[in-house]
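Peer 1: quick one: sequence and predicted model below, then my questions.
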Amino acid sequence: MFDLIKKYRLPLSTIIIILGTFIYFFQGSKTEENTRMQSVTQTLTYPVQILVHHTVSFTKNIVQSYFYFVQLREDNKKLKQQNASLQEEVNRYIEESIQFNRLKVQLKFAEQNPDKKIFTEVVGESVDNFHQTIQINRGSNHGIKRNFPVILKQGVVGRVQAVTPFQSTVQLILDRRSRFSAIIQRTRGKGMIYGTHDGLELRRIHLREDIKVGDRVITSGLSGLFPKGLLFGIVTAVEHEEHELFQTAKLQPMVDFDKIEGAFVILKSKSQPNLPLFSE
């Protein structure tokens with residue numbers, strides 16, 4: 001074998017040199033060609049690559065934005081629910097504060113006033129224009145009887161008209177059927193309170209009586225229904241016809257009947273202990 005190689009070493013060397021040269025130039029040519037092809041390909045595909053890159057980036061941003069807004073919407077929904085819950089809690093605290101202050105004023109009045117009384121809450125009211133009544137949540141089981149007076153710190157509310165064991169009906173002083181004796185606090189002149197549904201009128205006032213706008217009209221205590229000195233209202237106008245024998249005064253009630261939520265029922269009057277205050 002070695003003898004054969006030694007014998008043909010010159011032709012073999014020549015062939016190896018030629019093959020090496022060919023391979024060298026072939027590889028060099030191929031690399032250059034590839035480089036040129038890559039350059040052309042990159043030039044032609046560059047806009048497509050840019051478009052694909054921006055499309056992918058845009059799609060990615062859209063997807064991220066979608067999930068962001070979905071999460072944002074969920075967070076916003078939760079915040080709205082929390083806000084509604086907090087608002088409800090604030091409203092409850094406000095209502096409790098208002099109720100507390102209202103009761104505080106009325107209970108202070110109850111402590112200062114010597115009459116024995118019970119505080120009741122309004123649970124219903126009349127639904128027609130002919131009767132001005134309310135229902136309270138106390139009845140005969142709590143010591144309430146018919147014709148017991150119903151009052152507030154501001155003034156007279158009405159009288160107990162009907163009683164059941166656990167509830168009572170109160171006829172308001174605004175009721176057209178209401179009649180109460182009264183006096184003008186400044187002059188001590190007498191008259192009769194009439195309900196007019198929308199307000200009060202003091203009728204049968206003597207013609208010579210000096211009654212003016214702004215005068216306070218109070219309970220007289222003569223009928224045995226109300227203790228003396230409770231406020232009905234303030235005179236807002238005085239009327240007199242020539243052929244009439246008496247004057248009539250319009251009153252603004254001191255109690256705001258549109259906002260009444262509770263009232264005191266007087267069970268026993270210490271200001272008139274010897275007077276049979278109530279009648280069955």
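Peer 2: Now that the structure is in, tell me what you want to look at.

Peer 1: now D210: how far from L245?
Peer 2: For D210, the distance to L245 equals 17 Å [CB to CB, to the nearest Å]. C-beta here means a position set from N, CA and C on the backbone, and glycine is covered the same way.

Peer 1: I266 too?
Peer 2: 35 Å.

Peer 1: more crowded one of the two?
Peer 2: For I266 versus L245, the count of surrounding residues by other CB atoms under 10 Å is larger for I266: 23 against 9.

Peer 1: wait, that one sits on P227?
Peer 2: Yes. Counting by CB atoms under 8 Å, I266 does reach P227; the two are 7.0 Å apart.

Peer 1: in stretch 227-244, which residues are buried?
Peer 2: 227, 230-235, 238 (16 or more other CB atoms under 10 Å).

Peer 1: for stretch 163-181, same thing?
Peer 2: So stretch 163-181, judged by 16+ other CB under 10 Å, has buried residues 163, 167-175, 178, 180-181.

Peer 1: ends of stretch 217-233, what's the gap?
Peer 2: 6 Å (CA to CA, to the nearest Å).

Peer 1: please disregard the earlier target; I meant stretch 151-170.
Peer 2: End to end - CA to CA - stretch 151-170 spans 11 Å.

Peer 1: swap in stretch 224-234?
Peer 2: Counting by CA to CA, you get 22 Å between the two ends of stretch 224-234.

Peer 1: then stretch 189-198?
Peer 2: 24 Å.

Peer 1: so where's this structure shaky on pLDDT?
Peer 2: Filtered on pLDDT under 70, the chain yields the residue ranges 1-56, 58, 84-115, 127, 269-280.

Peer 1: switch to 50 and redo it
Peer 2: Residues of the chain meeting the criterion pLDDT under 50: 2, 4, 21-31, 273-280.

Peer 1: show me the domain layout of it.
Peer 2: Residue ranges for the domains of the chain, per automatic domain parsing: 1-112, 117-268.

Peer 1: enumerate every residue touching the spatially closest residue to E209 that is not a sequence neighbour.
Peer 2: Nearest non-adjacent residue to E209, counting by CB to CB, 6 or more residues apart in numbering: G189, 4.1 Å away. G189 makes contact with 183, 205-206, 209-211, according to CB atoms under 8 Å, 6 or more residues apart in numbering.

Peer 1: could you do L222 as well?
Peer 2: Residues in contact with L222 (CB under 8 Å, 6+ apart) are S181.

Peer 1: element containing it?
Peer 2: Here L222, judged by DSSP states H and E, is contained in no helix and no strand.

Peer 1: quick one: it from S181, how far?
Peer 2: If you go by CB to CB, the gap between L222 and S181 works out to 5 Å.

Peer 1: wouldn't F264 be in contact with G155 here?
Peer 2: No. Between F264 and G155 there is no contact under CB under 8 Å: 11.5 Å.

Peer 1: tell me the SS of K228?
Peer 2: Assigned with DSSP: H, G, I helix; E, B strand; the rest coil, K228 falls in the coil class.

Peer 1: what about the closest residue to it other than its chain neighbours, distance to K250?
Peer 2: Computed as CB to CB, 6+ apart, the closest residue to K228 that is not its neighbour in sequence is G221, at 2.9 Å. Between G221 and K250 the distance, using CB to CB, works out to 23 Å.

Peer 1: more neighbours, those two?
Peer 2: G221 (20 against 17).

Peer 1: I'd like the distance between the more buried one and P149.
Peer 2: With CB to CB as the criterion, G221 and P149 are 11 Å apart.

Peer 1: check G124 too.
Peer 2: Counting by CB to CB, the gap from G124 to P149 is 20 Å.

Peer 1: many thanks, have a good one.
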